[in-house]
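Chemist: okay, here's the prediction I keep looking at, along with the sequence it came from:
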Amino acid sequence: MVQGKRKRSFGSQEEAASAELGRSSRTSKKTPAAASAQHRTRVPTQKQKNQQKQQSPRQPQQPQKKKKTRKQKTKSTLAVESGTFNERVQKYQRASSQVLRANVRKTTDKKLRGEMSQANKVAQLAARQAARAELLLHDEAGILETEHELERTYKVKQSDIREAVDVQSANKAIELHLTELGPYCTDYSRNGSHMLLGGRKGHVAMIEWKKSRKITELYLGETVRDCTFLQDHTMFAVAQKKYVYVYDSQGTELHCMRKHIRPSSIRYLPYHWLLASVGHGGFLKYQDISTGQLVVEHRTRLGPCDVTALNPWNAIMNLGHVNGTVTLWSPNNTVPLVKMLCHKGPVRALAVDTMGQHMVSTGDDGQMKIWDLRTYKCLHQYYTTTPATSLDVSHRGIMAVAYGPHVQLWQDPFRQKQVSPYMKHLIAGEQVRNVRFCPFEDVLGVGHSGGFTSLLVPGCGEPNYDYFENNPYASVKQRREATVHSLLDKLQPDMIVLDPTELGTVDKRPAKEKEENARKANKIIEQKKLANKARGKSSVLRRLRRKQRNIVDQKRVKIQERNLAMKERENKRVAAEKAREAGEEVAPTHALDRFKKRSNYT
């Protein structure tokens with residue numbers, strides 16, 4: 001018997017016991033009595049079911065989800081992995097596979113077609129291997145984040161960052177007080193292990209900044225306008241008052257480049273072993289440091305220039321001029337490849353990202369503009385309270401801007417226009433001269449009138465480095481081997497073009513079209529020369545006419561034929577007059593003879 005009040009009456013004790021067991025356990029078997037009780041429940045008729053359906057609101061039937069089998073799950077995961085892998089492969093490809101196949105099909109020469117197909121296979125294999133090698137890149141870039149949505153990252157100070165990071169990272173924030181020989185310009189070696197400081201009043205120092213160890217120090221006693229490392233930290237170049245000098249790591253003078261007169265800015269092209277300089281005279285000069293020969297010298301014809309930027313993707317030199325234009329130069333052309341009007345006043349600073357697709361420029365008009373180098377159009381514009389004096393872009397795409405005593409850092413400025421900066425820093429009472437990011441480190445070096453300061457910028461450095469390209473921990477033997485390999489793989493200056501992907505391709509234009517384009521280009525150049533006319537026998541017009549005497553073209557041939565026909569008609573007329581005077585019979589001449597056929601009287 002079940003104690004307490006019962007809500008339902010059963011026919012017998014057995015039915016009550018079975019009902020109590022059914023409540024306690026769902027898996028218990030029902031007794032025949034309980035089953036008979038269940039069968040005695042009233043079953044609704046079909047009419048009642050239809051009425052319930054009409055009264056209840058209709059709900060959309062949800063499709064039943066089919067359970068995936070093990071094979072379907074593995075196929076879906078493989079599809080996702082293959083999609084991400086294909087995206088990584090496309091990042092390393094220089095051209096799409098469809099374009100490469102189309103170029104191979106268009107080629108009629110069997111031998112060339114086989115070579116092109118083999119080269120495409122090698123390029124595809126290299127892209128796949130590079131994508132697979134990303135699995136080894138286990139380090140991730142850092143980032144500065146706030147705890148609350150309303151907080152802003154640019155309000156975080158350097159002291160707060162030093163307290164939050166570990167001791168090793170905090171020691172990378174260096175501050176040097178050098179007030180007597182400033183302002184200072186700075187540069188880092190390609191692997192980021194060494195730092196070079198150049199004071200305007202002649203102080204030059206090379207430091208192994210991670211260990212806080214001074215390598216060499218020079219007091220030159222004359223103006224230092226710029227300095228840069230060469231292939232590694234064993235040699236560096238300094239743009240002094242008159243010439244460019246090259247020193248070794250011990251401070252010994254190795255070479256004096258007397259053809260680089262009054263240089264104001266110098267840049268080094270590591271893959272071509274070229275040192276480019278531009279100075280007060282407006283001449284852009286390239287010198288090969290492996291042979292010591294002057295490769296080429298270009299006259300910009302735009303006055304003094306002290307603003308330069310090197311495009312790391314195609315090794316094109318970008319120069320900023322006082323008339324607000326930016327010109328792109330190559331050693332192969334005596335005129336600029338591209339000439340852009342960027343600002344209404346003199347250009348103050350330039351910088352190009354590592355992919356070579358975007359350029360940043362600042363001018364005296366207080367504008368900072370971001371340009372797309374593929375279309376040469378302005379993407380975004382920013383306003384600075386005072387004209388910015390220095391720019392730089394890190395490996396991860398963070399841009400540093402220096403104006404007055406302020407330093408601002410912008411994150412992802414090329415994708416979209418940013419509302420606020422990523423970080424900012426104030427160096428009170430000083431004027432910033434230039435800013436440089438340290439490779440493979442979250443450090444920004446700032447050279448100013450009071451010395452040098454390094455800032456911690458989370459997420460600006462590339463965390464994974466290429467061992468064969470730039471090794472920050474290379475030994476002396478490894479460094480020597482890398483120098484020999486880079487010298488053997490040195491690229492020629494003729495390979496510096498706007499689009500490096502065109503190198504090694506076949507020019508499929510017909511020969512007539514090439515000759516026509518060359519003729520038009522030469523004609524335009526000669527017409528520009530005629531603008532400045534001179535008098536006398538040596539004028540430009542007379543010299544051009546003397547050159548064209550031996551040039552035979554279709555127009556000249558027609559003129560010669562017409563002149564020859566006129567001479568023949570004149571000779572016939574003179575011969576007829578002489579015959580008439582001698583008394584010989586001559587065909588009568590009449591006013592209407594010109595309408596007769598010439599065969600009648602000739």
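Modeler: Structure received.

Chemist: report the secondary structure state of residue 116.
Modeler: In three-state terms, and counting by DSSP: H, G, I helix; E, B strand; the rest coil, residue 116 is helix.

Chemist: do the same with the one 4 residues further on
Modeler: Local secondary structure at residue 120 is given as helix here, using three-state DSSP.

Chemist: ok, it - how many residues close by?
Modeler: If you count neighbours by other Cβ atoms under 10 Å, residue 120 ends up with 17. All C-beta spots, glycine's among them, are computed from the backbone N, C-alpha and C.

Chemist: is it fair to say residue 397 lies in a helix?
Modeler: No. Read with three-state DSSP, residue 397 is coil and lies in no helix.

Chemist: just to check, it is in contact with residue 410?
Modeler: No. Contact criterion Cβ atoms under 8 Å: residue 397 and residue 410 do not qualify, at 9.4 Å.

Chemist: so between the two, which is more surrounded?
Modeler: Per other Cβ under 10 Å, whichever of residue 397 and residue 410 has more neighbours is residue 410, with 24 against 18.

Chemist: who's in contact with the more buried one?
Modeler: 398-399, 401, 418, 421-422 (Cβ atoms under 8 Å, 6 or more residues apart in numbering).

Chemist: mind putting those residues into TSV with pLDDT?
Modeler: Below are the contacts of residue 410 laid out as TSV (pLDDT from 0 to 100):
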residue	pLDDT
398	95
399	96
401	97
418	93
421	94
422	95
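
Chemist: may I see the PyMOL selection of the buried members of these?
Modeler: Those of these that count as buried under 16 or more other Cβ atoms under 10 Å are selected in PyMOL with:
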select buried, resi 398+399+401+421+422
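
Chemist: which of the contacts of residue 410 lies closest to residue 467?
Modeler: Nearest to residue 467 among the contacts of residue 410, counting by Cβ to Cβ, is residue 398 at 24.4 Å.

Chemist: near the residue nearest to that closest one when sequence neighbours are not counted, how many other residues are there?
Modeler: Nearest residue to residue 398, sequence neighbours excluded (Cβ to Cβ, 6 or more residues apart in numbering): residue 460, at 4.4 Å. Residues lying near residue 460 (other Cβ under 10 Å) number 29.

Chemist: pull the contacting residues for residue 460.
Modeler: Residues near residue 460 by Cβ under 8 Å, 6+ apart: 394-396, 398, 409, 437, 442-444.

Chemist: can you say which of those residues are buried?
Modeler: Buried members of the contacts of residue 460, counted by 16+ other Cβ under 10 Å: 394-396, 398, 409, 437, 442-444.

Chemist: was I right about residue 186 contacting residue 451?
Modeler: No. Applying Cβ under 8 Å, one finds residue 186 not in contact with residue 451, separated by 10.3 Å.

Chemist: identify the residue nearest the geometric centre of this structure.
Modeler: Nearest residue to the geometric centre of the chain (Cα atoms, centre = their mean): residue 356, 1.4 Å.

Chemist: number of nearby residues for the nearest residue to it once chain neighbours are set aside?
Modeler: Distance criterion Cβ to Cβ, 6+ apart; nearest residue to residue 356, sequence neighbours excluded, is residue 313 at 2.6 Å. For residue 313, the neighbour count with other Cβ under 10 Å is 15.

Chemist: surely residue 313 forms part of a helix?
Modeler: No. Counting by three-state DSSP, residue 313 is not part of a helix but coil.

Chemist: so what's it up against?
Modeler: Residue 313 is in contact with 352, 354-357, 500, counting by Cβ under 8 Å, 6+ apart.

Chemist: minimum pLDDT in the residues you listed, which residue is that?
Modeler: Per-residue confidence across these is lowest for residue 500, with 88 (pLDDT).

Chemist: and the gap between the nearest residue to it once chain neighbours are set aside and residue 539?
Modeler: With sequence-adjacent residues excluded and distances taken as Cβ to Cβ, 6+ apart, residue 500 is closest to residue 314, at 5.2 Å. To residue 539, residue 314 is 41 Å away according to Cβ to Cβ, to the nearest Å.

Chemist: got phi/psi on residue 455?
Modeler: Main-chain torsions, residue 455, degrees, to the nearest 10: phi -110, psi 150.

Chemist: contacts only, for the closest residue to it other than its chain neighbours.
Modeler: Of all residues not flanking residue 455 in the chain, residue 444 sits nearest, at 4.5 Å (Cβ to Cβ, 6+ apart). Residue 444 sits next to 392, 394, 400, 407, 409, 435-438, 454-455, 457, 460 when contact means Cβ under 8 Å, 6+ apart.

Chemist: which one of these is nearest residue 232?
Modeler: Using Cβ to Cβ, residue 438 comes nearest to residue 232 of the contacts of residue 444, at 15.3 Å.

Chemist: so who does the closest one touch?
Modeler: By Cβ under 8 Å, 6+ apart, the contact list for residue 438 reads 188, 192, 195, 444-445, 454, 461.

Chemist: appreciated, that's everything.
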